[in-house]
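>>> Pasting the sequence and the predicted model now:
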Amino acid sequence: MHLRPLHSLSRILLVTCAVGLGTTALLARDTTSSPSTPTPNSTQTPPQPTQDQSSSSAPAAAPAAQAPAPASTNAPEVPFASRTDIFVGYSYLAPHGSVTIPGGASVGLTGPITYSAINYGAIASATRYFDRWVGAQIEYSVHPDGNNDGAQVLSGGIVFRYPTQDVTPFVHFEAGAVKLGGPFKQPYTWGPSLTAGGGLDYGIGHHFALRVFQADYQYYHVNFGPQNPYPTGGRANLNVARLSAGLVYRMGNITPPPPIAYQCAASPASVYPGDPVTITGTPTNLNPKKTPTYSWTGNNGVKVTGDNTTGNVDTNGLNPGSYSVTGHITQGQKAGQFADCTANFEVKQFEPPTISCSASPTTLKPGDSATITAQGVSPQNRPLTYTYSTSAGQVNGTNNTATLNTAGAPAGPITVTCNVADDKGQTASTTTTVNVEQPPPPPQPKTQTLCTINFDRDKRRPARVDNEAKACLDDVALNLQRQSDATAVVVGSSATGEKQGPKLAAQRAVNTKDYLVKEKGIDASRIQVRTGNEAGKQAQNYLVPSGANFDSDVQGTTQVNEDSVKPQARTAPAKPHHKKKAAAQ
């Protein structure tokens, strides 16, 4: 076989495999010595119901009346074990042996010719496991290296493995055939082969693993025989070291699934006759490839409906007492494929309603009203009817709110009684108190500010009361008509810097009064006109009720002398018409 320049590669591969083996061994020891973390779908324990509310059972487990012990959240998981492994990788071959060629002396070969390492090769295997530990394997490796010098091995045998949480060591023993090329132009020839070795896989996911190393001892026996026309025959008995690494694709899972577990609970756990009860079942460890079947049964005449994880209980007609409902789930008839659970609930005796009563506000002025709020509660949620009564005034209401009217009631406390009754005739009553204050003395009348009219729209007649002011003055007149003993005060103003400002302010007040007297029919004696110190082309109107003092309520005004300021007409005088001169004939 030809000499190769990559002898150092074999040493590098040996060192790499040794380092990988040591690192993986340490990782495996740390993994197995540490408690595993529970996964969301496997080791978490659902909330356990109380003994009176729910329980669960599985075949060959504790009796149904007892709740199952919660699963430990720190219990290690069963390591994954695949059903089939497909391995593809790189392979290095180091044969140890030689071939003595008959008649080699004729061509200058006086001794045996040794084989040397083959640095490049590929390997593939398929393994089918019978259980977690033992399987059958077929393997093929090829190490080509030019003409008439290489090796191909096809073998099969048995594999033993030990799956752990992350790593899987294995050993295998195989027998087969090798197609071997000679080191001195011997043609490829078939012969028997034996293989014994082992390796280590490191899981990198559910379907993949990294074969850190595979180290095998192989024995090849090939008889090349005499070869013509060249003396290239001979017999090879080789002891071979083969090192491999690559990727493993894992299929299937022979880890037995955990048995189905079933828990159920009643909500609510205590009801009154006629109230619904919902039984909720929580199954775990179901086979996602099978559709589960659910059923529900009750004791002592309990009627349960439902064909899924929820059962509905009709409590109509049930006497007070304790009852139970049993749920059943199945995905098959084999052990671990079905389970039962039991939930308990209680039907209670009807109880009378209760009521609370409050008033808002609790203190009123004479004639004011208060809102009475009653809150009735029926423990069995029966329909309720409310009625009310009072020691003074009037109270009206038929639901949980009523209104207390204190008109005509004397000052002092008023007691309101709130009553509630359910449809079974059971009643409850309570009271609340409202206090009516002594009436306060009547307030001193005050001058009221009504509305303001503006005079900034007519530039030629800046004191004219235009149509925009009618709405305001109509409201002033209406207030005077409603309060026959009240008077009005009109306060005129002028803008800052306005020419003849004081005169315009007085004229605006007089014109406003003139409109109220002539247009609205208000007695002139009930209207005063004044000027004020506010800036603006406007007239402010005030209503002075009987008993009010305008000068104390509104200060800074001056009485207008109506003898010197006369009202102006609202409409402009007609313009004279000039006749056109006759056209010259």
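Structure received.
>>> only C-alpha atoms for contact and neighbour calcs from this point on.
Fine.
>>> Domain ranges for this structure, per the record?
Domain assignment for the chain, taken from automatic domain parsing, gives 54-70+257-347, 79-251, 354-436, 448-559.
>>> Of the ones you listed, which is nearest P442?
domain 448-559 (11.9 Å; C-alpha to C-alpha).
>>> how far is that closest one from where the chain is centred?
Distance of domain 448-559 from its chain centroid, counting by C-alpha atoms, centre = their mean, to the nearest Å, is 68 Å.
>>> want to throw the domains of the chain into TSV with mean pLDDT?
Formatted as TSV, those follow (pLDDT from 0 to 100):
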stretch	mean pLDDT
domain 54-70+257-347	84
domain 79-251	89
domain 354-436	92
domain 448-559	90
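>>> Now tabulate these in JSON lines and tack on distance to V565 and mean neighbour count.
Below are the domains of the chain laid out as JSON lines (distance: least, C-alpha to C-alpha, whole Å; neighbours: other C-alpha atoms under 10 Å):
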{"stretch": "domain 54-70+257-347", "distance to V565": "89", "mean neighbour count": "18"}
{"stretch": "domain 79-251", "distance to V565": "108", "mean neighbour count": "19"}
{"stretch": "domain 354-436", "distance to V565": "50", "mean neighbour count": "18"}
{"stretch": "domain 448-559", "distance to V565": "6", "mean neighbour count": "18"}
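>>> Distance to A569 for these - can I get that in JSON lines?
Shown next, in JSON lines, are those (distance: least, C-alpha to C-alpha, whole Å):
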{"stretch": "domain 54-70+257-347", "distance to A569": "85"}
{"stretch": "domain 79-251", "distance to A569": "104"}
{"stretch": "domain 354-436", "distance to A569": "50"}
{"stretch": "domain 448-559", "distance to A569": "8"}
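>>> how about the helices in the stretch 401-550 of the chain?
Assigned by DSSP state H, counting those that start in this stretch, the helices in the stretch 401-550 of the chain fall at 470-482, 501-518, 550-553.
>>> Show me what the longest one is in contact with.
Under the criterion C-alpha atoms under 8 Å, 6 or more residues apart in numbering, residues 455, 462-465, 473, 477, 490-495, 522-524, 527-532, 537-539, 560, 562, 565-568 lie in contact with helix 501-518.
>>> what's the angle from that helix to helix 470-482?
Angle, helix 501-518 to helix 470-482, by axes from the mean of the first three to the mean of the last three C-alpha atoms, to 10 degrees: 60 degrees.
>>> Can you dump the C-alpha atoms of helix 501-518 in CSV for me?
Output of helix 501-518 as CSV, limited to C-alpha atoms (Å, rounded to 0.1, in the frame of the first residue of the first chain):
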residue,chain,number,x,y,z
GLY,A,501,-68.3,108.3,26.1
PRO,A,502,-70.3,109.3,29.2
LYS,A,503,-73.1,110.8,27.0
LEU,A,504,-73.2,107.6,24.9
ALA,A,505,-73.3,105.4,28.1
ALA,A,506,-76.3,107.4,29.4
GLN,A,507,-78.0,107.4,26.0
ARG,A,508,-77.6,103.6,25.8
ALA,A,509,-79.3,103.0,29.2
VAL,A,510,-82.1,105.4,28.3
ASN,A,511,-82.7,103.8,24.9
THR,A,512,-82.8,100.3,26.6
LYS,A,513,-85.4,101.5,29.1
ASP,A,514,-87.4,103.1,26.3
TYR,A,515,-87.6,99.7,24.5
LEU,A,516,-88.8,97.9,27.7
VAL,A,517,-91.5,100.6,28.3
LYS,A,518,-92.8,101.0,24.7
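>>> Just the strands from the stretch 301-450 of the chain, written as ranges.
Listed in chain order, the strands of the stretch 301-450 of the chain (DSSP state E, counting those that start in this stretch) span 303-305, 310-314, 321-330, 338-347, 354-360, 363-364, 369-377, 384-390, 394-396, 401-405, 412-422, 427-436, 448-454.
>>> my guess is W133 contacts T164, does it?
No - with contact defined as C-alpha atoms under 8 Å, W133 and T164 do not form a contacting pair (11.2 Å).
>>> Just give the closest residue to R211, not the sequence neighbours.
In this structure, R211 finds its nearest non-sequential neighbour in D201, 4.3 Å apart by C-alpha to C-alpha, 6 or more residues apart in numbering.
>>> hmm, back to that, got the strands of the stretch 301-450 of the chain as JSON lines, with distance to L154 columns?
Shown next, in JSON lines, are those (distance: least, C-alpha to C-alpha, whole Å):
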{"stretch": "strand 303-305", "distance to L154": "64"}
{"stretch": "strand 310-314", "distance to L154": "59"}
{"stretch": "strand 321-330", "distance to L154": "48"}
{"stretch": "strand 338-347", "distance to L154": "47"}
{"stretch": "strand 354-360", "distance to L154": "90"}
{"stretch": "strand 363-364", "distance to L154": "105"}
{"stretch": "strand 369-377", "distance to L154": "86"}
{"stretch": "strand 384-390", "distance to L154": "89"}
{"stretch": "strand 394-396", "distance to L154": "102"}
{"stretch": "strand 401-405", "distance to L154": "94"}
{"stretch": "strand 412-422", "distance to L154": "90"}
{"stretch": "strand 427-436", "distance to L154": "95"}
{"stretch": "strand 448-454", "distance to L154": "114"}
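>>> Between those, which one is closest to G197.
strand 338-347 (44.2 Å).
>>> Note down every partner strand of the helix or strand in which the residue nearest to R211 is found and its orientation.
D201 belongs to strand 189-203 when assigned by DSSP states H and E. In the sheet, strand 189-203 lines up against strand 167-180 (antiparallel), strand 208-223 (antiparallel) (DSSP bridges).
>>> For those strands, give me JSON lines that also has distance to Y92.
Below are the strands paired with strand 189-203 laid out as JSON lines (distance: least, C-alpha to C-alpha, whole Å):
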{"stretch": "strand 167-180", "distance to Y92": "15"}
{"stretch": "strand 208-223", "distance to Y92": "10"}
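>>> Could you name the stretch from those strands that's closest to V142?
The nearest among the strands paired with strand 189-203, by C-alpha to C-alpha, is strand 167-180 at 9.3 Å.
>>> rewinding a little: could you dump the helices of the stretch 401-550 of the chain into a markdown table with distance to T363 added?
Below are the helices of the stretch 401-550 of the chain laid out as a markdown table (distance: least, C-alpha to C-alpha, whole Å):
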| stretch | distance to T363 |
| --- | --- |
| helix 470-482 | 33 |
| helix 501-518 | 45 |
| helix 550-553 | 33 |
